[in-house]
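Participant: give me a 3D structure for the following:
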Amino acid sequence: MAPTDVLRRRNALWQTLRTEPPGTPAFEAALAALCALTGWSVRRVLAGLGLPDDRPAPEVDHA
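Facilitator: Numbers count the residues shown, from 1 in each chain. Okay, here's the model as predicted:
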């Protein structure tokens, strides 16, 4: 993907996150896509939106 395409995609995902209510399928899909695209954690993206990270921490299998 060309650098300008990546920037356009990233900006479109941020726009979706600003316009969709948290918890909706569109918000969650955009959140997952932005995290995958940028390598950022969900916590970091939510902080960028000014939203609290009140999600439960993922369970870690230490087996």
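
Participant: name the nearest residue to Ser41, sequence neighbours excluded.
Facilitator: Among residues not flanking Ser41 along the chain, Cys35 sits closest, at 6.8 Å (C-beta to C-beta, 6 or more residues apart in numbering). For the C-beta atoms, the positions are set from N, CA and C on the backbone; glycine is no exception.

Participant: contact partners for that neighbour?
Facilitator: Applying C-beta atoms under 8 Å, 6 or more residues apart in numbering, we find Cys35 in contact with 41-42, 45.

Participant: name the residues of whichever strand or helix holds it that come out as buried.
Facilitator: If you go by DSSP states H and E, Cys35 is part of helix 25-38. Judged by neighbour count using 16 or more other C-beta atoms under 10 Å, the buried positions of helix 25-38 are 27, 30-31, 33-35.

Participant: and the next helix or strand past it?
Facilitator: Taking DSSP H and E, what comes next after helix 25-38 is helix 42-48.

Participant: roughly how far is that following helix from the heart of the chain?
Facilitator: Taking C-alpha atoms, centre = their mean, to the nearest Å, one finds the center of helix 42-48 at 7 Å from the center of the full chain.
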